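**Student:** Have a look at this fold, sequence not included:
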Ligand code: NDP
């Protein structure tokens, strides 16, 4: 039997890589993990975690305003961007340390180097030039923001990577894209006082979400003062003599701002990884092709998380890692379950969602009952804010199963997590109806909408 330096070598110290490396090591396997940048990966270092911290920072503007309706007088407010960046850095450094501590405690060897494949079971450590062998290899190298090379002047633009650490807060920003990142950052920058323009190629932002959520959020963002330009594109970006940038657009002429941010999707980090040498096949987007058990085309090599371009979410990468462990080290073949993934957009207000949008459900089921509530949240009665909360249940009339829940409103992300359990459990509308309301909350609407607002039959809205 061939002998290897390691039982498992993990390339990439993000969510999927760290989880698979740590658990395999805790099971007594000889594990090494290599990371070329910082442990924690996109989520911890320049994604979910710092994003959420910045969302909190950006919400204070409205908190201060709202406080007055409740009798408070809030004095002069100032905001210090550098202080926020520093505080964020301290927190992500702490988390980075915890990730490494977890690996070390489990007995994994932690390497700070880029690693590339040189053959089926061999990996070259770029910093030392050393080659090591492993029985199994996990590739969990994630992705990066698409640089959009086709755009003249793209090199003048920033991506989410740079947005977290800008030396100073811009006075104005143009953000291209209509997905999670573009929408979340538009809200963050606007909340921090930056004049913000969002430019999106489609008819309505957040293309894969329920129409009600998309329209509702669009209206709420515009009401706050974010400029949203749909069905338009940036055609070029140039630098002005004063250092500001001009974005030439297709329909809205020249827009000038301090920064232009591109949030046009993310691409897998597979370039130069030695995949060909190892016999690992990729698709036309450069994502590693895997089977239902995260196995690549090369025996003994597995891929997890964003690099496979299945569902680009941290909990999905972690779940895929746990399935890999079950399958390979516990004799319990388990394939990742990508159905009914609850998700949130940390916009302001948030979107929390699980299951099918009305549009997707209408394509799948003949007869739908739609329960929809739109109301002013209780806090807004005294704060005077005119924001609306929207809640929507999509029910398949044939078996009464709730096939989609969509919420636009404060803490909708927290709600989506719990609703994810109910949909996963296959709850019907009757289960919702016989659940006692928690009063006074916004979510009590979800269990007190007794009559359908309308139905959708064979794709047509009726009644
Ligand atoms: P998304 O896929 O969400 O959005 C990409 C956006 O860019 C879409 O609006 C897309 O338009 C647009 N786009 C793509 N190519 C072009 C182009 N050539 N010209 C103009 N517009 C273009 O990607 P993000 O970058 O926002 O985020 C990447 C991933 O990260 C997400 O898919 C998500 O899974 C994850 N993420 C999750 C978060 C969360 O859970 N809260 C937060 C941030 C990221 P169109 O819709 O028309 O295709």
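**Tutor:** Everything's here; your move. This is a predicted model, so every value here is computed, not measured.

**Student:** Let's verify the closest residue to the ligand within the stretch 251-400 of the chain: helix, strand, or coil?
**Tutor:** At 3.6 Å from the ligand, residue 312 is the closest residue in the stretch 251-400 of the chain, using Cβ to the nearest ligand atom. C-beta: built from backbone N, CA, C; applies to glycine. Recorded secondary structure, residue 312: coil (DSSP: H, G, I helix; E, B strand; the rest coil).

**Student:** what's the neighbour count on it?
**Tutor:** 19 (other Cβ atoms under 10 Å).

**Student:** for residue 65, same thing?
**Tutor:** Close neighbours of residue 65, defined as other Cβ under 10 Å, add up to 14.

**Student:** Read off the pLDDT value for the closest residue in space to residue 235 that isn't next to it in sequence.
**Tutor:** Excluding its sequence neighbours, the residue lying closest to residue 235 (Cβ to Cβ, 6 or more residues apart in numbering) is residue 248, at 4.9 Å. Residue 248 is assigned a predicted lDDT (pLDDT) of 98.

**Student:** got a list of what residue 248 touches?
**Tutor:** Contact analysis of residue 248 by Cβ atoms under 8 Å, 6 or more residues apart in numbering lists 234-238, 254.

**Student:** Show me these that map onto strands.
**Tutor:** Under the assignment DSSP state E, the contacts of residue 248 contribute 234-238, 254 to strands.

**Student:** Now do the buried residues in the helix or strand hosting residue 423.
**Tutor:** For residue 423, the element it lies in under DSSP states H and E is helix 412-424. By neighbour count on 16 or more other Cβ atoms under 10 Å, the buried set for helix 412-424 is 412-413, 415-416, 419-420, 422-423.

**Student:** now do stretch 22-31
**Tutor:** In stretch 22-31, counting by 16+ other Cβ under 10 Å, buried: 22-26, 29-31.

**Student:** Look at that stretch and report the distance between its end residues.
**Tutor:** Length of stretch 22-31, first residue to last, Cα to Cα, to the nearest Å: 8 Å.

**Student:** ok, the residue of the stretch 51-200 of the chain found nearest the ligand - how many residues close by?
**Tutor:** Nearest residue of the stretch 51-200 of the chain to the ligand: residue 179, at 1.9 Å (Cβ to the nearest ligand atom). When neighbours are counted by other Cβ under 10 Å, residue 179 registers 18.

**Student:** ok, now the one 4 residues further on?
**Tutor:** When neighbours are defined as other Cβ under 10 Å, residue 183 has 29 of them.

**Student:** pLDDT averaged over the helix or strand encompassing residue 223 - what is it?
**Tutor:** Residue 223 is part of helix 211-224 when elements are defined by DSSP H and E. Mean per-residue pLDDT for helix 211-224: 98.

**Student:** what residues does that helix touch?
**Tutor:** 183, 186-187, 190, 198, 204-207, 228, 345, 347-349, 351, 353, 357-359, 372, 374, 386-388, 390, 392, 406, 408.

**Student:** Take those residues and keep only those in strands.
**Tutor:** Per DSSP E, the contacts of helix 211-224 map to strands at 198, 228, 345, 351, 353, 372, 374, 390, 392, 406, 408.

**Student:** Could I have the buried ones of these as PyMOL selection syntax?
**Tutor:** Those of the ones in strands among the contacts of helix 211-224 that count as buried under 16+ other Cβ under 10 Å are selected in PyMOL with:
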select buried, resi 198+228+345+351+353+372+390+392+406+408
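
**Student:** so which of the ones in strands among the contacts of helix 211-224 also contact the ligand?
**Tutor:** With Cβ under 6 Å from any ligand atom as the criterion, the ones in strands among the contacts of helix 211-224 include residue 345 near the ligand.

**Student:** Close to the ligand: what parts of the stretch 201-350 of the chain are there?
**Tutor:** 201-202, 207, 233, 263-266, 312-313, 343-346.

**Student:** Now a ChimeraX select for only the buried ones of those residues.
**Tutor:** Selection of the buried residues among those in ChimeraX, burial being defined by 16+ other Cβ under 10 Å:
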select :201,233,263,264,265,266,312,313,343,344,345,346
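
**Student:** Tell me who's in contact with the most centrally placed residue in the chain.
**Tutor:** Per Cα atoms, centre = their mean, the C-alpha nearest to the average position across the chain is that of residue 313, at 5.4 Å. Listed by Cβ under 8 Å, 6+ apart, the contact set of residue 313 reads 341, 343.

**Student:** Could you identify the longest helix within the chain?
**Tutor:** With secondary structure taken from DSSP state H, the chain has its longest helix at helix 81-106.

**Student:** what's downstream of it, the next helix or strand?
**Tutor:** strand 109-111.

**Student:** Pull the contacting residues for the residue of the stretch 51-200 of the chain closest to the ligand.
**Tutor:** Residue 179 makes contact with 206-207, 263-265, according to Cβ under 8 Å, 6+ apart.

**Student:** List the buried residues for stretch 437-450?
**Tutor:** Within stretch 437-450, the residues that count as buried by 16+ other Cβ under 10 Å are 442-443, 445-447, 449.

**Student:** Who are the contact partners of residue 41?
**Tutor:** Shown in contact with residue 41 (Cβ under 8 Å, 6+ apart): 12-15, 17-18, 35, 47, 142.

**Student:** now the residues you listed in CSV, with distance to residue 57, neighbour count and pLDDT?
**Tutor:** Output for the contacts of residue 41, formatted as CSV (distance: Cβ to Cβ, whole Å; neighbours: other Cβ atoms under 10 Å; pLDDT from 0 to 100):
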residue, distance to residue 57, neighbour count, pLDDT
12, 29, 31, 98
13, 27, 30, 98
14, 24, 31, 98
15, 23, 30, 97
17, 29, 29, 98
18, 27, 28, 98
35, 28, 28, 98
47, 16, 23, 98
142, 25, 25, 98
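
**Student:** Let me know the closest of those to residue 276.
**Tutor:** The closest of the contacts of residue 41 to residue 276 turns out to be residue 12 (Cβ to Cβ; 18.4 Å).

**Student:** Can you tell me how far the closest one is from residue 307?
**Tutor:** Separation of residue 12 from residue 307 (Cβ to Cβ, to the nearest Å): 7 Å.

**Student:** same thing with residue 62?
**Tutor:** To residue 307, residue 62 is 38 Å away according to Cβ to Cβ.

**Student:** First-to-last residue distance for stretch 326-346?
**Tutor:** Stretch 326-346: ends 32 Å apart by Cα to Cα.

**Student:** Near the ligand, which residues of the stretch 51-200 of the chain? Just list them.
**Tutor:** 177-182, 184, 200.

**Student:** rewinding a little: any idea of the mean pLDDT for the next helix or strand after the helix holding residue 423?
**Tutor:** Using DSSP H and E, the helix or strand that follows helix 412-424 in sequence is helix 429-433. Averaged across helix 429-433, pLDDT comes to 98.

**Student:** what does stretch 413-430 rub up against?
**Tutor:** Stretch 413-430 has contacts (Cβ under 8 Å, 6+ apart) with 340-344, 346, 350, 352-355, 369, 371, 393, 395, 399-405, 407, 431-432, 443, 446.

**Student:** How about stretch 58-69?
**Tutor:** 74, 77, 187-193, 348, 379, 382-385.

**Student:** let's go with 6 Å and repeat that
**Tutor:** Contacts to stretch 58-69, defined as Cβ atoms under 6 Å, 6 or more residues apart in numbering, come from residues 74, 77, 188, 191-192, 382-384.
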